[in-house]
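>>> When you get a sec, could you give me coordinates for this:
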Amino acid sequence: MGAEYTPKKSNVSLLSATMLSATCMVGSGWLFSAQLSAKIAGNWAFLAWVLAAILVLLVGMCLSKVVAVYPVRGATTRSSSLSHNGIFGMPFAFANWFGIMVVIATEAQATTQYLSAASGSAVLMEHGALTYTGKLLALFILFIYLVINYYGVKLLARVNNVVTVLKIFVPIFTVIIFLIAGLDHTGITNNFHLETNDAFGPTSAIWAIIGAGLVYSFNGFQVSASFASEIKNPKRNVPLSIILSVIVIMILYMALQYAFMSAVPHDVLVKSGGWQGLNFSSPLLNLAMLLGLNFVAILLIADSVISPSATGYTYLGASSRMLYAMAAEGQMPRWIAKLDPIYNFSKRSMLVNWVLAAIVLFNADSWAALMVVVTGYHVIGYMAAPISMGAISPKTRIFGLIVFVILSLIMMTIPLHDLMLVNATLTVLLVIYACVQHKVGLQKLLLFILPFILYLWLLYFVPKIWFVIVISIVFYILITSKRYVAMCKEHGDTDRVIED
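Numbering: from 1, shown residues only. This next block holds a predicted model:
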């Protein structure tokens, strides 16, 4: 199964680990998800939140099983490399790492966009895109993320604990005020009984899981697993931190959903043609201003800076550990995997991630346009957890199979053009990787990488439920079989060195 890995230091408590995950789940998504969920699912939006929470908890439990055996740095990216080999794990590692890394840039961009809206000028943003001045400000925000992370996990945890309190307070306060405001009109009774609500159903909730940004909002639950080697008693605290953070944030999001849907003036909703027609550009801020809640509007503007920024700097820390993990597994240049002797993490990995995030930032106009694509990468990254768990612990294969099939079905709700973009970029990157790693041999590359790429393209070309279920079951059973796993181990990286 491989050598046991013992972290040098364990500085992060259960509370800090829970807050790390919770912080990442209250980013820019909460400012938009209530309206998007209502538009796509109507009253079924509440079911959508529950289903999304169950989905990430299932993935989290799979990941926790892997971390229990390998409490290593960057476990979310590293799991399939540990269970199979570095070549097999490359698609999952890239999807997981790239999805997290892009979020860093989008969060900095989101903060800049909110500041532009608050200023009411075109200096930072014009015609729906950041100006060069706006991008420079976003780059400065990225630099702040770097400074917070550069001095190690202790500083990150201290800053994060304080920021998390602020991030949780503002949504809770907003929920309370919106509920009180809803009592002043008939929204609480009538908004949930519109004739147009008949257009929604249980399937609407399923489509909202990705389409309304619910997975995007919940993504961050796995961050504590990325810090596994730095968390006290990871076998116990990693799964506990995932469960606690997801439950707390689910309750918060559902309360926000109810408060938002209650507070929207009924006449405004009717004129819009129901939830389908509601189209606030900044939902919570627009609603607060519509209701004359100026103090809440000011808080929302402040939180629109705090929430995305806290997610951004936490994701920079997580993504740096993911890139370190890929370098340790031989999937990226080995020089990245050098640990700082004082702070016990790779500063080289941190700088590489920061530069890449800056490049993405300067080439993207709007964070919203990237949300579904980024979520596609997240879901592909999640698939590694049940696969790795089933390979490491054969007794868990049935549970892993169920989780893997559910993730495959969720992939079907991604618009085809976005799914094609996700598959195409992943394929191109792996072709480049194959060229760089030509010494590995074409046979190994085809044997360990090609099956999953073909599987993803089959999901795109044959989006039929029965086909996706059948092909997912067959694929999972094959790649978690003892024979295939043994073959991966036999032909794995003989020079792999992991120092945690």
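>>> So, low pLDDT: which residues of the stretch 151-300 of the chain?
151-164, 184-189 (pLDDT under 70).
>>> How about residues contacting stretch 453-465?
Stretch 453-465 is contacted from outside by 91, 380, 408-409, 411-412, 416, 419-420, 423, 426-427, 430, 467-468, 471-472, 475, using Cβ atoms under 8 Å, 6 or more residues apart in numbering. In this view, the C-beta of every residue, glycine as well, is placed from N, C-alpha and C.
>>> Give the next helix or strand downstream of the helix or strand bottoming out on mean pLDDT in the chain.
Least confident helix or strand of the chain, by mean pLDDT, DSSP states H and E, is helix 187-190 with a mean of 64. Once the chain leaves helix 187-190, the next helix or strand it forms, by DSSP states H and E, is helix 202-211.
>>> moving C-terminal of that following helix, what's the next helix or strand?
Next along from helix 202-211, by DSSP H and E: helix 214-218.
>>> which secondary structure elements does the next helix or strand after that next one contact?
Scanning forward in sequence from helix 214-218 by DSSP H and E, the next helix or strand is helix 223-226. Counting contacts by 3 or more Cβ pairs under 8 Å, 6 or more residues apart in numbering; DSSP states H and E, helix 223-226 is packed against helix 14-24, helix 45-69, helix 75-83, helix 234-263, helix 294-328.
>>> Geometric centre of the protein: which residue is closest?
For the chain, the residue nearest the mean C-alpha position is N219 (2.9 Å; Cα atoms, centre = their mean).
>>> quick one: contacts for it?
N219 neighbours (Cβ under 8 Å, 6+ apart): C24, M25, V56, G99, V103, T375, H378.
>>> burial count for the fifth one?
By the criterion of other Cβ atoms under 10 Å, V103 has 34 neighbours.
>>> which ones are touching it?
G27, N219, T311, G312, Y315, V374.
>>> ditto for the third one
V56 makes contact with V215, F218, N219, F221, Q222, V246, Y382, according to Cβ under 8 Å, 6+ apart.
>>> give me that answer again for 6 Å
V56 makes contacts with F218, F221, V246, as judged by Cβ atoms under 6 Å, 6 or more residues apart in numbering.
>>> My guess is the last one contacts L57. True?
To tie it back to what came earlier, the one meant is V246. Yes: the pair V246 / L57 is scored as a contact, 5.5 Å apart, by Cβ atoms under 6 Å.
>>> Pick out whichever of the two has more residues nearby.
The neighbour count for V246 versus L57, taken as other Cβ under 10 Å, is higher for V246 (24 against 18).
>>> Against A34, how distant is the more buried one?
18 Å (Cβ to Cβ, to the nearest Å).
>>> can you give me the strands for the stretch 351-500 of the chain?
Assignment of strands within the stretch 351-500 of the chain using DSSP state E, counting those that start in this stretch yields no ranges at all.
>>> just so I have it, where are all the helices in it?
371-392, 397-411, 416-436, 442-448, 450-461, 465-479, 482-490 (DSSP state H, counting those that start in this stretch).
>>> who touches stretch 245-259?
18, 21-22, 25, 34, 45-46, 49, 53, 56-57, 171, 175, 178-179, 221.
>>> about what we covered before: which of the helices of the stretch 351-500 of the chain sits most buried?
Neighbour counts (mean count of other Cβ atoms under 10 Å) averaged over each of the helices of the stretch 351-500 of the chain peak at helix 371-392, with a mean of 26.
>>> Show the average pLDDT along that one.
Per-residue pLDDT over helix 371-392 has a mean of 91.
>>> Give the residue spans of the stretch 301-450 of the chain that score low on pLDDT.
If you take pLDDT under 70 as the line, the stretch 301-450 of the chain has these spans: 329-331, 340-345, 365-370, 436.
>>> Convert stretch 337-357 to PDB, retaining C-alpha atoms only.
Taking Å, rounded to 0.1, in the frame of the first residue of the first chain, the C-alpha atoms of stretch 337-357 are listed here in PDB:
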ATOM      1  CA  ALA A 337       8.400  20.300  -4.000                       C
ATOM      2  CA  LYS A 338      11.100  21.900  -1.800                       C
ATOM      3  CA  LEU A 339       9.800  22.800   1.600                       C
ATOM      4  CA  ASP A 340      10.800  25.900   3.500                       C
ATOM      5  CA  PRO A 341      12.700  24.700   6.600                       C
ATOM      6  CA  ILE A 342      11.100  27.400   8.900                       C
ATOM      7  CA  TYR A 343       7.500  27.500   7.800                       C
ATOM      8  CA  ASN A 344       7.200  23.900   6.500                       C
ATOM      9  CA  PHE A 345       5.600  24.500   3.200                       C
ATOM     10  CA  SER A 346       6.700  25.200  -0.400                       C
ATOM     11  CA  LYS A 347       7.100  28.900  -1.100                       C
ATOM     12  CA  ARG A 348       8.000  28.000  -4.700                       C
ATOM     13  CA  SER A 349       4.700  26.400  -5.200                       C
ATOM     14  CA  MET A 350       3.000  29.500  -3.600                       C
ATOM     15  CA  LEU A 351       4.700  31.800  -6.100                       C
ATOM     16  CA  VAL A 352       3.900  29.700  -9.100                       C
ATOM     17  CA  ASN A 353       0.200  29.600  -8.200                       C
ATOM     18  CA  TRP A 354       0.200  33.400  -7.600                       C
ATOM     19  CA  VAL A 355       1.700  34.000 -11.000                       C
ATOM     20  CA  LEU A 356      -0.800  31.700 -12.800                       C
ATOM     21  CA  ALA A 357      -3.700  33.300 -10.900                       C
END
